[in-house]
Structure formats: structure tokens, C-alpha cells
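Engineer: sequence unavailable; structure follows:
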């Protein structure tokens, strides 16, 4: 029987409590613009989509068979977060449970992965599964470990395109695997498993590749991009705790090389990328995931662990306050911050828009508005892309009526 003295006790309580809280929050928040857009993916399951690989659409589509509401859209992501945390705790070698608990509660990208239906959650889960399987493959070189690595890598690729960076960093951290025949078998399996998406891209003129290369912001040097990236990582990394956590991760002796490359190495990679690109906050989500077990391993003593926990508490309290604010009911126009309007009262707003349209066909000027009206309204609403970039809507003509 599990007792409070068990090393796993606090982490198990964390995982179960977060799962329940995630389901409660999922039922009390309307879908965000991005979540509604990914729900559009689920209406026509395919091997690819305009701007993302298909995993997020597949997950929403699978649970959409049970019905249509916010909780069912977000349920698979709450389940995946629970699995991710269990894997990360095992990767932490079950050391420093309080550091683990408060790191999870203080890193918004990790915390938000449980109640938001976004591609970050599956890439987190499959990255953690890949790291977990990789360590076993490195140690035992068994066929089942190699197969699990291939499956995890493929699912990562089906989740987000930048997963290739995770695979490269992981391979560099384990150079001895290059001498194994099974390593090249893993590559072959990944190519085979990912072939349907490659063929989809070919049939659609590599539309996703073109979008990511040319459809985003212009690439040029801007010092503000570097500052925004650095400041953003501090905010996303527990505020006061971020720099001490990085210090322990670099200086710690008892740490995983695999996790170090995927955390510190990934941060460094994105830092250099910021010299030419505007960095989106969620790009480093897997780096923070690797950082959690890394600092659990690397914090050298109980004094260091207590320091990290104390520094993590303010961010944890702040994020808890944000979560409560997201769940509270508000009347239209009475939001404490305008951003809350994105996840509140959309059934009412949609009803008013459809009522005003009457018998006229309705179309939206942005893909975000089209997605929201399609989910909360009485029919599918197309996007004219007059006020936004092109999107998955441009591929859906004839698929949805």
C-alpha cells in the first residue's frame, strides 16, 4: 500500500490531482482559437494538414466519436499529460520528488499541456517515451526497445515537425549507437512508418513545408527577438528558479547526458535560431520537459533541492491563480483581462451571429473565427482568409458541407 514515506507518493498525488483538475477546467472553459482550429482538423481525418502533422487532429477525432464538447476535445490531452509525467518521473530516477512536483506546477508549458488541445501535448508524451525507450535501447540493445524507439520517433514526427531536432540531439548524446545495425533498422522503420505523410505532402505539393519556410514571419536579424526569447524562457521556466535550474543542470554531476542534450542543447539551438527568427513560446516545450528530470538528478544535495522548491513556489502560485481565473464565470464585457474573452461565452456569441445572419450563408474573415463559429454554431463556417493567413480551410472545400 502506498504511504506518505514512499518516494512515489507525492508524484502520484500530483498526477491524479492534475488529471482531475484538468477535466474540471476543460469543462469550464470554451475552446481557445487554436483548439477550435485543431478541432476542424478532426472533421476530416487525414495523413496531413495544411500547417501541422496530423496527430492533434487524430486524437481529437478519436474521442470525438463519443460526442462534441470541450471536455471530450481535451480529454486525450489530459490522459497524455498523465503519461508524460509518469515517464518523466521515471527518467528522474525517482529522485527529488518535491523538486519534480513544483517544477511541473511552475512550468506553464508543461502544466498547460493537460487542459489544452494543442500539438505540444502529444509531442511531449512521445518525446518522453522516446527518451525512456532510448535509455533502455542504449543499455540492452533489444529488438523490442529498438521497435519502441522507432514507434515513438514516428509519433513525434506525426506530432510536430521540429521533432527531428530532438532525435538528432538524442543521437549525438549516444554516439555509440551509430555502430549498431539496429540503429539503422530504427531509421528504416521510421521512414516506412512516416511514408504515408510524405506521400500526402507530395500529393499536396508539399504545402506544409512551403508554409513553414515562407508562410511565417520574415527571417532577419532583430535584437528584440533575442531579448524576447531570453525573457520568455525565464517566464516559462519558473521565473526566479530558471537560472538556478540551468546552473544545476550544467554543473550537476549525476545527470543523464541524453536529458542534458535535449534540455540545455535544445535551449542553445533555439537561442541561435532567434538570431534569424521570431521564436514562439511553445518551441521549447520539450526542453522544459527534459529539464525537469535533469534538475531532479543534478541538484547535488537537500539544501539545493530546498532552494529550488522555494524559488519555484511563486510561479506555482501565480499559475494556480491563472487557472482559477480561467475557470470562473464572466459576463460578456466584464473580463478582468481582454484575453479571457477568447475562452468565454462563445455559445452565446455564436448564437447571436447566426441569428443576425438569418437565412444568409455565413463565412468568416479569419480561420480562427471560422473555427470558433463552426464548433459553437449550428453549421460548418468556411474561412475567406481576408484577415488572416491561409489555413486548413483552403483544403476542405467539398469535404465538409
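Structural biologist: Okay, I see it. Worth saying up front: this structure is predicted, and the values here are computed from it rather than measured.

Engineer: need the helices for the stretch 201-350 of the chain, in chain order.
Structural biologist: Secondary structure of the stretch 201-350 of the chain (DSSP state H, counting those that start in this stretch): helices at 207-214, 223-236, 242-251, 257-260, 266-273, 285-298, 302-327, 346-357.

Engineer: can you give me the buried ones in the second one?
Structural biologist: The neighbour-count check on helix 223-236 (16 or more other Cβ atoms under 10 Å) flags 225, 229, 232, 233, 236 as buried. Quick note: C-beta positions are derived from backbone N, CA and C, even for glycine.

Engineer: now do it: which elements does it pack against?
Structural biologist: helix 108-111, helix 242-251, helix 266-273 (3 or more Cβ pairs under 8 Å, 6 or more residues apart in numbering; DSSP states H and E).

Engineer: how many other residues sit next to residue 361?
Structural biologist: Number of residues near residue 361 (other Cβ atoms under 10 Å) recorded here: 8.

Engineer: now find how far off-centre the helix or strand of the chain at the bottom of the mean pLDDT ranking is within its chain.
Structural biologist: Least confident element among the helices and strands of the chain, by mean pLDDT, DSSP states H and E: helix 207-214 (a mean of 87). Computed by Cα atoms, centre = their mean, to the nearest Å, the chain-centroid distance of helix 207-214 equals 20 Å.

Engineer: ok, and for it, which residues are buried?
Structural biologist: So, applying 16+ other Cβ under 10 Å, buried residues of helix 207-214: 207, 208, 211.

Engineer: any chance of those residues in TSV, plus distance to residue 332?
Structural biologist: Formatted as TSV, the buried residues of helix 207-214 follow (distance: Cβ to Cβ, whole Å):
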residue	distance to residue 332
207	37
208	37
211	34
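
Engineer: between those residues, which sits nearest residue 396?
Structural biologist: The closest of those to residue 396 turns out to be residue 207 (Cβ to Cβ; 12.9 Å).

Engineer: three-state assignment of the nearest residue to the closest one once chain neighbours are set aside?
Structural biologist: Of all residues not flanking residue 207 in the chain, residue 50 sits nearest, at 6.1 Å (Cβ to Cβ, 6 or more residues apart in numbering). The three-state label given to residue 50 by DSSP: H, G, I helix; E, B strand; the rest coil is coil.

Engineer: tell me who's in contact with residue 50.
Structural biologist: 207, 208, 211, 390, 391, 392, 394, 395 (Cβ atoms under 8 Å, 6 or more residues apart in numbering).

Engineer: 10 Å instead, please
Structural biologist: Counting by Cβ atoms under 10 Å, 6 or more residues apart in numbering, residue 50 makes contact with 41, 204, 207-208, 211, 215, 367, 389-396.

Engineer: lowest-confidence entry in those?
Structural biologist: Among the contacts of residue 50, residue 215 has the lowest pLDDT, at 64.

Engineer: in the protein, what residue sits furthest out from the centroid?
Structural biologist: Going by Cα atoms, centre = their mean, the residue of the chain most distant from its centre is residue 359, 39.9 Å out.

Engineer: so what does the least confident helix or strand of the chain touch, helix or strand wise?
Structural biologist: Here helix 207-214 touches helix 181-203, going by 3 or more Cβ pairs under 10 Å, 6 or more residues apart in numbering; DSSP states H and E.

Engineer: other residues contacting the helix it packs on?
Structural biologist: Under Cβ under 10 Å, 6+ apart, the answer for helix 181-203 is 46-49, 53-54, 134, 137, 141-143, 145-158, 167, 171, 174, 176-178, 180, 206-210.

Engineer: so how far is that helix off the chain centroid?
Structural biologist: From the chain centre to the centre of helix 181-203 is a distance of 23 Å (Cα atoms, centre = their mean).

Engineer: just the buried members of the contacts of helix 181-203?
Structural biologist: With neighbours counted using 16+ other Cβ under 10 Å, the contacts of helix 181-203 contain these buried positions: 46-49, 53-54, 134, 137, 145-158, 167, 171, 174, 177, 207-208.

Engineer: coming back round to it: emit the ChimeraX select command for whichever of the contacts of residue 50 are buried.
Structural biologist: Those of these that count as buried under 16+ other Cβ under 10 Å are selected in ChimeraX with:
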select :41,204,207,208,211,367,391,392,393,395,396
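
Engineer: all set, thanks.
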